[in-house]
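Trainee: Have a look at this fold, sequence not included:
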């Protein structure tokens with residue numbers, strides 16, 4: 001899990017980023033918005049509607065968080081990202097989540 005200063009925590013921040021650009025992959029729904037922050041901020045939200053069991057929500061959150069930990073050093077400073085895992089994320093390996101996330105961020109030229 002990313003340290004607290006590197007995460008989006010407030011509801012108003014989540015709403016602000018959610019009004020930005022929306023990106024979809026087969027495993028994730030991402031919202032990206034640039035701001036005036038000095039470091040990249042990442043938020044991960046799992047829904048009880050999508051994942052009925054808390055163990056599924058926690059696994060989805062851990063998989064996405066691990067992918068962001070690896071990609072975090074390559075994120076630009078002023079970017080804010082919210083990741084919403086989709087239902088199929090719990091049935092794949094962590095390397096699949098990482099490659100899916102990296103591919104969409106490279107396609108959108110968020111990372112090099």
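Mentor: Thanks, I have the structure now. As the structure is a prediction and not an experimental result, all values here were calculated from the model.

Trainee: Off-centre distance for stretch 26-40?
Mentor: Centre-to-centre, stretch 26-40 and its host chain are 7 Å apart (C-alpha atoms, centre = their mean, to the nearest Å).

Trainee: any idea how far the lengthiest helix in the chain is from the chain center?
Mentor: Longest helix of the chain, by residue count under DSSP state H: helix 54-71. Offset of helix 54-71 from its chain centre (C-alpha atoms, centre = their mean): 9 Å.

Trainee: Check which helices and strands that helix is in contact with.
Mentor: For helix 54-71, the contact count by 3 or more C-beta pairs under 8 Å, 6 or more residues apart in numbering; DSSP states H and E identifies strand 41-44, strand 79-85, helix 94-107 as packing neighbours. For every residue, glycine as well, the C-beta is placed using N, CA and C.

Trainee: That one to strand 79-85, inter-axis angle?
Mentor: Angle, helix 54-71 to strand 79-85, by axes from the mean of the first three to the mean of the last three C-alpha atoms, to 10 degrees: 150 degrees.

Trainee: Report the mean per-residue pLDDT for helix 54-71.
Mentor: If you average the pLDDT over helix 54-71, you get 97.

Trainee: So which bits of it are buried?
Mentor: 56-57, 59-61, 63-68, 71 (16 or more other C-beta atoms under 10 Å).

Trainee: Please tell me how far the most centrally placed residue in the chain sits from residue 40.
Mentor: Residue closest to the mean C-alpha point of the chain, counted by C-alpha atoms, centre = their mean, is residue 83 at 2.9 Å. Look at residue 83 and residue 40: by C-beta to C-beta, to the nearest Å, they are 12 Å apart.

Trainee: Show the contacting residues for the nearest residue to residue 29 once chain neighbours are set aside.
Mentor: Once flanking residues are discounted, residue 29 sits nearest to residue 84: 4.3 Å by C-beta to C-beta, 6 or more residues apart in numbering. Counting by C-beta atoms under 8 Å, 6 or more residues apart in numbering, residue 84 makes contact with 28-31, 44-47.
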